[in-house]
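Novice: need a structure here:
(one chain, ligands or ions: 2)
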Amino acid sequence: MNRKKSSLRAKKPGLFPAGKAVRITVSGVVQGVGFRPFLYRLADRFGYRGWVRNIGSGVRIHLESEKRTDFGPFLRALEEDKPPLVRIEGLDLQSAAYESCSGFKIRKSEGGERFVFISPDIATCRACQREIGDPEERRHRYPFTNCTDCGPRYTIVRSLPYDRPKTTMAGFKMCPDCRREYEDPADRRYHAQPIACPVCGPWVTLKETRNGKEIRGGIEAAADLIRKGKILAVKGLGGFHLVCDPRRPGAVQRLRIIKERRRKPLALMARDIAIIERYAYVSPAERKALHSANRPIVLLRKKRDIRGVSPHLDEIGFMLPYTPLHYLLLEKIGLIVATSSNPKDAPIAKDENEGVGRLCDCILTHNRPIQTRADDSVLKLAGDGPLFLRRARGYVPYPQRVPAHLQAPEHVLALGGELKDTVSVYKNGYVITSQFLGDLDEYQNVRYFEETIAHLERMFDVRPRVVVSDLHPHFHTTGYAQSLGLPHFQVQHHFAHLLAVMLEHQIPDGKKVLGVTFDGYGYGQDGGAWGGEFLLSDYSSCTRIAHFKPVPLPGGDLAAREPWRMALAYLREAFGEKIPALPSFEKVNGKTRDLVMKMMASGINSPLTSSCGRLFDAVSHLAGLAPLEMEFEAEAPLRLEAVSRSHSRTFYSFELIADREPWQLSFAATIREIVRDMAGKPCPEKIGPAFHRTLAEAIALVSERVRRAYGTDSVALAGGVFLNRTLLTLTSRILQRRGFEVLRPRQYSPNDESISLGQVAYALVRLKSRR
Ligand SMILES: [Zn+2]
Ligand SMILES: [Zn+2]
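Specialist: Ligands and ions are numbered 1, 2, ... in the order given. Prediction:
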């Protein structure tokens, strides 16, 4: 047996089988993505006969030729010309017996074990766009046009295998024209499960929310209403957007009141790149990401501010249309605010009856049900790759392969952390991580969490033998894990962050990596509030080598919302009880400030934390940038980052205290020097870049000490702090210049969304050690 399980690109032509017949088994995202009709056309091009069929784990192909032949060129064409949605994960080649086939046939699917990957939802392809715009076509201006290369997938699938009756299109009976296209292997809609047309498919309705009355004119009338300043809920792929005209500050203001978001940035959808470029700088890599079939929101550098859209920040999020409905809506209006339609902190609404009407003036809806909610994905480009802030629509449920040494026969369920949660399931060598589910301290998100677990288990036929959660005793996920009655593993938060990066980069067994995991909060091995951590680790063990010197969190959770409290904690660390007067405290109530100082002095409600996020809060406040109270996570650090785009040559002093283990990094000297800088005239533009450089230098110093002591030269950067593009690129550059290999998340977010992925790795190690 000639078994080859890696990418085709890696193979030399000599390794391809020559003979009269060959059997190829392909696994990956290969069903429901136009792969079989593509093979049909490809076989025709090479003059081969044979057949193809879907099997439980992918697709099996039999190819034969009358004369002995080299199948190499066919395999290369398969790799190079495959349809855009196809993702080959594994490929198995065997020589086969000659069957004297006539022609090339697409055979009926074979049953077998259900573990087929399903494609994410994919933006409308060019061919479909052209059809919508062509008055001669029967799908002219039809908002649900799709084909095998594009359209809804993950959000409409109820269960697998992926067939129309198992999607939310089940209720729509194909008309004869659609049926003909669906059954013709030469047609680009061959077996396109969501196939639809104006005769047989879904349709849109525009309604007034006040009285439920239908408004005539559909999408065009909706665009007019937006232009007039109305707020609309528009049903898309994974849920409703709330939409308004960003050039009407009054409408944006109203939307903010409705969403209870005063300052949190709102995303925009633009008809084309030319419109985006009026407001933001777009690099070639950013342009490519915007145009990609995944169609994420891409955070771009502002060129021109749009009042109220992303106040106090220098980035603005744009996306391009990704369904025909969006294309038609944006035809005349060009630019809209498109933010997820949820009351504050609740999951994105997928049905009208989820309270959408209370949030808007009118609803543009349609009658194709949404099975699975999914927010828009959000990313920015950093260095040479994407940096995910949110991984959801367009990326989920792409699978992550697990290195061979970790693979186990058992299925695993991983529940993630608490905030920005995702769940992951493991089966047959792959992890599937859910879309972003939000914060589980909100009741409605807990239901979303439970509904997602049930859906993933049903869809991929996962029967978990173990469950894994965070170490935190009071997280909802921990309680949920305990309620399942399964063997239950718990893994420390920052170790899970690091494991996620190791898994993504397929780090080999036994290799040690220094994990620099910086975030706001994670429950420590000792029960403490961790967040500025240096972990030396392989898959099975983890040592806390160094951490930020702990400072008090005066007021506990309040300190995470009010940056001035952290500034006070750091000032006290740097100057003792006699702290200097600073302009940034002018807005803080003097009595409250004195009370907070007393709290720290007496240790009341002031647990210690080694959090890096809190240090950012403190410095942002000292630089005069932080709001008194943060409205959303990392608001103060984001403002500091906004003035720190240029890489600084200078940095502040800091101290590595290495006379005890774990080592401690003290930033007291940094704070003293920042105060000195602020004493003259406020200079956030100097402090921001220098502070970023200070952190990068501190990381480099610890990395070098660890390399000397333990010989490790791989450094992984993980945790939400590394969403900071300046810190990430600067640290990477310094480390690489000093000879380190730098690993960072590319397919997953560095924030808590990746915790469930890392937890899977931990569970697999534990399962292995039991055997
Ligand atoms: Zn298409
Ligand atoms: Zn039809």
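
Novice: hang on, residue 57 packs against residue 27?
Specialist: Yes. Counting by CB atoms under 8 Å, residue 57 does reach residue 27; the two are 5.1 Å apart. C-beta coordinates here come from the backbone N, C-alpha and C atoms, glycine included.

Novice: For these two, indicate the residue with more neighbours.
Specialist: Counted by other CB atoms under 10 Å, residue 57 and residue 27 do not tie: residue 27 has more neighbours, with 24 against 21.

Novice: count of residues packed around residue 220?
Specialist: 14.

Novice: did I read that right, it in a helix?
Specialist: Yes. Applying DSSP: H, G, I helix; E, B strand; the rest coil, one finds residue 220 inside a helix.

Novice: residues in contact with the closest residue to residue 453 other than its chain neighbours?
Specialist: Nearest residue to residue 453, sequence neighbours excluded (CB to CB, 6 or more residues apart in numbering): residue 423, at 5.5 Å. Neighbouring residues of residue 423 by CB atoms under 8 Å, 6 or more residues apart in numbering: 413-416, 433-434, 437, 449, 452-453, 456, 756.

Novice: ranking those by neighbours, who comes first?
Specialist: Highest neighbour count within those: residue 414, with 32 neighbours (other CB under 10 Å).

Novice: and that residue, bridged to which residues?
Specialist: With DSSP bridges as the criterion, residue 414 is bridged to residue 424, residue 468.

Novice: got the contact list for it?
Specialist: 423-426, 467-469, 756-757, 759-760, 763.

Novice: Using CSV, lay out these together with pLDDT and distance to ligand 1.
Specialist: Shown next, in CSV, are the contacts of residue 414 (pLDDT from 0 to 100; distance: CB to the ion, whole Å):
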residue, pLDDT, distance to ligand 1
423, 98, 31
424, 98, 30
425, 98, 30
426, 97, 33
467, 98, 40
468, 98, 39
469, 98, 41
756, 98, 32
757, 98, 31
759, 98, 37
760, 98, 34
763, 98, 39
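
Novice: Nearest to ligand 2 among these?
Specialist: residue 425 (35.6 Å; CB to the ion).

Novice: Hmm, that closest one is touching residue 413, no?
Specialist: Yes. Contact between residue 425 and residue 413 holds when scored by CB under 8 Å: they sit 5.8 Å apart.

Novice: what's the overlap in contacts for the two?
Specialist: Residues touching both residue 425 and residue 413 (CB under 8 Å, 6+ apart) are 457, 462, 464.

Novice: in the stretch 101-250 of the chain, which segments are predicted with low confidence?
Specialist: Under the criterion pLDDT under 70, the flagged ranges of the stretch 101-250 of the chain are 110-115.

Novice: Now do the residue nearest to residue 515 when sequence neighbours are not counted against ligand 1, distance only.
Specialist: Once flanking residues are discounted, residue 515 sits nearest to residue 498: 3.4 Å by CB to CB, 6+ apart. For residue 498, the distance to ligand 1 equals 40 Å [CB to the ion, to the nearest Å].

Novice: what's the answer for residue 741, then?
Specialist: 41 Å.

Novice: The chain should start at 813 in everything you say after this.
Specialist: Happy to do that; since the first residue is 813 now, the last one works out to residue 1553.

Novice: which residues does that residue contact?
Specialist: Counted by CB under 8 Å, 6+ apart, residue 1553 has contacts 1525-1527.

Novice: Got the confidence number for the residue positioned nearest the centre of the chain?
Specialist: By CA atoms, centre = their mean, the chain has its centre lying nearest to residue 1203, at 1.6 Å. According to the prediction, residue 1203 has pLDDT 97.
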